[in-house]
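Asker: coordinates only, sequence not included:
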């Protein structure tokens, strides 16, 4: 079928962000690869303090949407962006991720209810793509979990929600899937094997799906300890492995969910997103169904840091690349009203690790805005100053090159955005 062919690169478009004057003006779009190459040749590189001051050539945004994937690229000034895509047009692309070990290697998860699931790999920075192995089989007896009505239901693979490439090996990648389980490939995606300890660890019979399905949507590897992994499942909770994924334990003490029969249960919490700063791996930040939470002991206990947010319901949470106590969230009105409070799109930033939050509104719509920002749709780059990016269900991708102080819409009319990853290019 056509979905199995190598995907050729769509034509690029260029987006120029306005000069920073405290507010964002309209983006200007033009076409042409030759102009993009000329611009890159004469643009200065930026310094990346996370790499000891080494030069970087730019930023690549990997955007998954309801109708394909898009790749946005800029040099270190982050003023002039090229837009390539859609790749896999018409397919839902839940996640696009880059290998830290080989920047040109990208991974994408595409699916439709009609054609099923595919994993795609690019070895040239997203210009061309090729499908890899797609056999995701649970190890042994799949077992059962609870359905929405509380009745038992067998585990059944549906799609890959999240891809987590290895920091040291470009051929190794973890995949969080629905129904919730963790898979790993060590051969560039040719084959996938389940790490069954998460699913068979004793609590999975009590897991239930959230509104979007029962998915392992967050996978985090501790950069200082390769044997330590974290995962988050909607709607089961957060989990940690200290032996490379062989065995797992729930880490939900301190979470409280009024929507379940036992609000303080060991499992059953709808965790929307977890993030970790690489310089402080013991500290985790969480956006839960309701509540913004923090743990300073690797998830052993959690405390609430929602503070003065206008709503503590939301989906994404992100951390500043160089400031481990600077966090970003996007408050959403409620679990039934998936749009910003008062129709005003605001990113909130805390520079003190929570409790105290400031609204960041420069360049964002402050009236009649009824979009959502999903859990995987916010990312940061590692330039100085740190860039923040997020995509909306209305098809906008917003960027801030000044740590959130002001925002520009890089694109406005994409399909609903499911995920955004920011890759700092060497």
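Answerer: Nice, I can see it. All figures in this text were calculated on a predicted structure; none of them were measured in a lab. Numbering: from 1, shown residues only.

Asker: Next up, phi/psi of residue 106, please.
Answerer: Per-residue torsions, residue 106: phi -120, psi 150 (degrees, to the nearest 10).

Asker: How about residue 363?
Answerer: phi 90, psi -10.

Asker: can I assume it is in contact with residue 406?
Answerer: Yes: using CB atoms under 8 Å, residue 363 is in contact with residue 406, at 5.2 Å. (C-beta placed from N, C-alpha, C; glycine too.)

Asker: and residue 83, what element?
Answerer: strand 80-87 (DSSP states H and E).

Asker: Listing partners with orientation, what would you give for that strand?
Answerer: Its sheet considered, strand 80-87 pairs with strand 12-16 (antiparallel), strand 68-75 (antiparallel) by DSSP bridges.

Asker: could you dump these to a markdown table with distance to residue 178 and mean neighbour count?
Answerer: What follows is those, written out as a markdown table (distance: least, CB to CB, whole Å; neighbours: other CB atoms under 10 Å):
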| stretch | distance to residue 178 | mean neighbour count |
| --- | --- | --- |
| strand 12-16 | 33 | 19 |
| strand 68-75 | 19 | 26 |
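
Asker: Please tabulate those in a markdown table, including the columns mean pLDDT and distance to residue 190.
Answerer: Shown next, in a markdown table, are the strands paired with strand 80-87 (pLDDT from 0 to 100; distance: least, CB to CB, whole Å):
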| stretch | mean pLDDT | distance to residue 190 |
| --- | --- | --- |
| strand 12-16 | 73 | 30 |
| strand 68-75 | 97 | 21 |
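
Asker: Turn the ones you listed into a markdown table, including distance to residue 262.
Answerer: Listed next are the strands paired with strand 80-87 as a markdown table, based on distance: least, CB to CB, whole Å:
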| stretch | distance to residue 262 |
| --- | --- |
| strand 12-16 | 49 |
| strand 68-75 | 40 |
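
Asker: From residue 342, how far out is the residue positioned nearest the centre of the chain?
Answerer: Nearest residue to the geometric centre of the chain (CA atoms, centre = their mean): residue 376, 2.8 Å. For residue 376, the distance to residue 342 equals 25 Å [CB to CB, to the nearest Å].

Asker: Could I get the average pLDDT for the following helix or strand past the strand holding residue 83?
Answerer: The helix or strand immediately downstream of strand 80-87 is strand 92-98, counting by DSSP H and E. For strand 92-98, the mean per-residue pLDDT is 98.

Asker: now strand 92-98 against strand 80-87, angle please.
Answerer: 130 degrees (axes from the mean of the first three to the mean of the last three CA atoms, to 10 degrees).

Asker: helices or strands next to strand 92-98 in the packing?
Answerer: strand 58-65, strand 68-75, strand 106-112, strand 159-165, strand 417-425 (3 or more CB pairs under 8 Å, 6 or more residues apart in numbering; DSSP states H and E).
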